[in-house]
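In: kindly generate the corresponding structure for this input.
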Amino acid sequence: MKCVFNAIQNKHYPKSYLINGVRESNPESPERVELLLKGVEAAGMTKVTPPNYGSIGNDGMNTILKVHPQRYLTFLEHAATRWSRIKGAADEVTPNIHPTNRDGEYPKSLVAQAGFHMADASCPISTDTWESALWSSWSALHAADLVLDGESACYALSRPPGHHAGPELAGGFCYLNNVAIAAERLRAKFDRVAILDVDLHHGNGTEMAFYDRADVLTVSLHAHPERFYPFFWGYESETGEQEGQGYNFNFPLPRGTKDKVYLETLNRALQVIEQYKPQALVIALGLDAYEGDPIAGLAISTEGFKNIGERISERLKIPTVIVQEGGYLCPELGQNLAAFIDGFEITER
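Out: Just a heads-up that it's a prediction; the model follows:
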């Protein structure tokens, strides 16, 4: 399997984020990539670099625009520069006001636009955020293109992650929704695409992107949001709307869920996907469900990740793009990636 990644993605690193009213070191750090690349090596993946999808003659930005409107992209690209002109402002863009509804006029003030486009204080924008987020999405795009060109599966080491990013909303360390972008790319060839999110947290941004559509099925297993991020999304009652009614499935799990119950729930999720009969699959691979992850929500073992990969692969034998989401600093991060990939590739050996 090929791994798509560009080191430019490491330039983004806001130094802190706000949690429980306290500024703490940002856990979504470049050191994550160092550990994940060890997992890439252990899994025997071949590293490739994505092309510049923003270059003249390349249609990559058109795919991104199917997920994120131009107004939002313009905000992300210029926010840090505009913020630096505010006298006495912090080094990084962090919102301090949010609209109570989103159907009013769009403000011209950057402070107001930050509140409009940033769901929380865990997605600060620094001078390198736009470039890194763009290349992260291009890694997912290129992984999708490799699958479209005949690869059975490809892994995008996308950092910063993306599944909390809605069409016009950053949040939870996420700016561009890499999974949604990969799915849109696959839709150029396939009529039905499924997204399976196995991150610790619900992929609320992905749900937003496809909630009223039937051509992309969204399925997520995650820690129950009643007392866990993203709090307002990820409930079983969210099943889609309009044409998308019946094409969004959430499987919230109790905190501390271990391998056995997780795999039983995964079987239910896979049955839903099988009934949809997709022609291609995108996996939002969060490794933060690990029992030793510092965010501590679920309790999946390293062997459990191998079983998850194997279970998906043996049930869904379709072209697959695997996109990296969460998974934070712990010694086993790379091992967990290697275990998942090893399990996923068992059925191909």
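In: list phi and psi for residue 321.
Out: phi -110, psi 120 (degrees, to the nearest 10).
In: what's the next secondary structure element after the lowest-mean-pLDDT helix or strand in the chain?
Out: In the chain, no helix or strand scores lower on mean pLDDT, DSSP states H and E than strand 16-19, which sits at a mean of 86. Once the chain leaves strand 16-19, the next helix or strand it forms, by DSSP states H and E, is strand 22-25.
In: and the helix or strand following that following strand, what does it pack onto?
Out: Counting by DSSP H and E, the element after strand 22-25 in chain order, helix or strand, is helix 31-42. With contacts defined as 3 or more C-beta pairs under 8 Å, 6 or more residues apart in numbering; DSSP states H and E, the packing partners of helix 31-42 are helix 333-346. Every C-beta, even on glycine, is put in place using the N, C-alpha and C of the backbone.
In: state the mean pLDDT of the helix it packs on.
Out: Rounded to a whole number, the mean pLDDT of helix 333-346 is 96.
In: report the backbone C-alpha coordinates of that helix in CSV.
Out: Taking C-alpha atoms only, helix 333-346 is exported to CSV below (Å, rounded to 0.1, in the frame of the first residue of the first chain):
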residue,chain,number,x,y,z
LEU,A,333,0.7,5.4,18.0
GLY,A,334,2.8,4.1,15.1
GLN,A,335,2.3,0.5,16.2
ASN,A,336,-1.5,1.0,16.1
LEU,A,337,-1.3,2.3,12.6
ALA,A,338,0.8,-0.6,11.5
ALA,A,339,-1.6,-3.0,13.2
PHE,A,340,-4.6,-1.5,11.3
ILE,A,341,-2.8,-1.6,8.0
ASP,A,342,-1.6,-5.2,8.6
GLY,A,343,-5.1,-6.3,9.4
PHE,A,344,-6.6,-4.5,6.4
GLU,A,345,-4.1,-6.1,4.1
ILE,A,346,-4.5,-9.7,5.5
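In: run the chain-centre distance for that helix.
Out: Distance of helix 333-346 from its chain centroid, counting by C-alpha atoms, centre = their mean, to the nearest Å, is 18 Å.
In: if we go by neighbour counts, what in it is buried?
Out: For helix 333-346, the buried set under the neighbour-count rule, 16 or more other C-beta atoms under 10 Å, comprises 333-345.
In: specify which member of the residues you listed is nearest to residue 220.
Out: Closest to residue 220 out of the buried residues of helix 333-346 is residue 340 (16.8 Å), distances taken as C-beta to C-beta.
In: residues contacting that closest one?
Out: Residue 340 makes contact with 285, 287, 305, 306, 308, 309, according to C-beta atoms under 8 Å, 6 or more residues apart in numbering.
In: kindly report the same for residue 49.
Out: Counting by C-beta under 8 Å, 6+ apart, residue 49 has contacts 4, 5, 6.
In: fine by me, we can end here.
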